[in-house]
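[1] dropping a prediction and its sequence here:
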Amino acid sequence: MKPGLRKLVQVGVVAGAVGSVALMLHVGSRNPSSILMVLFAGWVLSPFIALGFADKASTRWPPAARAMLLGLMLIITLGSLATYASVDLRRPAQPAFMFLIVPLVSWLLLAGVVAAATFMSPKQTGQ
């Protein structure tokens, strides 16, 4: 895997995290609860932080597993931004739902990729 591609995806994930929180703050700008906004921001950021940790850990993964993770990083980043931008444009009656469900789905997808990477990794024998 080319290091330039990995770096580009990493930069995209950071930009996606910033954009996702910015969209969440914009949609929730009328919410008077600062504590609630901080909690939402943490929840929206959490999959991006987890992707960063997984990316760091993936250096020991098989190439196919690393490629799956890079693909997932792109999917989560672009999917989050598209979903949150849609919420911002449409302003549904319950906008908070998408800011709750997208991170949850992202976490589940990431758990699946980590599980697959664990399954794909060569088994080490005990001594």
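    Thanks, I have the structure now. It should be emphasised that the depicted structure is a prediction, and the values quoted were computed from it without experimental measurement. Numbers count the residues shown, from 1 in each chain.

[2] what's the pLDDT at Thr125?
    pLDDT recorded at Thr125 is 52.

[3] any idea how far apart the tips of stretch 47-67 sit?
    With C-alpha to C-alpha, to the nearest Å as the measure, stretch 47-67 spans 18 Å from end to end.

[4] and it, what's its mean pLDDT?
    94.

[5] which residues are contacting it?
    1, 6, 10, 13-14, 16-17, 20, 69, 72-73, 76-77, 80, 103, 106-107, 110, 113-114, 116-117, 120-122 (C-beta atoms under 8 Å, 6 or more residues apart in numbering). In this view, the C-beta of every residue, glycine as well, is placed from N, C-alpha and C.

[6] and for stretch 34-44?
    Counting by C-beta under 8 Å, 6+ apart, 20-21, 24-25, 28, 31, 80, 84, 96, 99-100, 102-103 sit against stretch 34-44.

[7] how far does stretch 84-100 sit from its chain's centre?
    17 Å (C-alpha atoms, centre = their mean, to the nearest Å).

[8] so for that stretch, what gets flagged as buried?
    Buried residues in stretch 84-100, defined by neighbour count with 16 or more other C-beta atoms under 10 Å: 84, 87, 95, 98-99.

[9] stretch 60-76 too?
    61, 65-66, 68-70, 72-73, 76.

[10] quick check: which ranges of this protein have low pLDDT?
    Applying pLDDT under 70 to the chain picks out residues 1, 123-127.

[11] in it, which spans are helices?
    Here the chain has its helices, by DSSP state H, at 3-27, 34-57, 63-90, 96-120.

[12] now the third one: how far from the chain's centre is it?
    Between the centre of helix 63-90 and the centre of its chain there are 7 Å (C-alpha atoms, centre = their mean).

[13] the first one too?
    Using C-alpha atoms, centre = their mean, we find the averaged C-alpha position of helix 3-27 to lie 9 Å away from the chain's own average C-alpha position.
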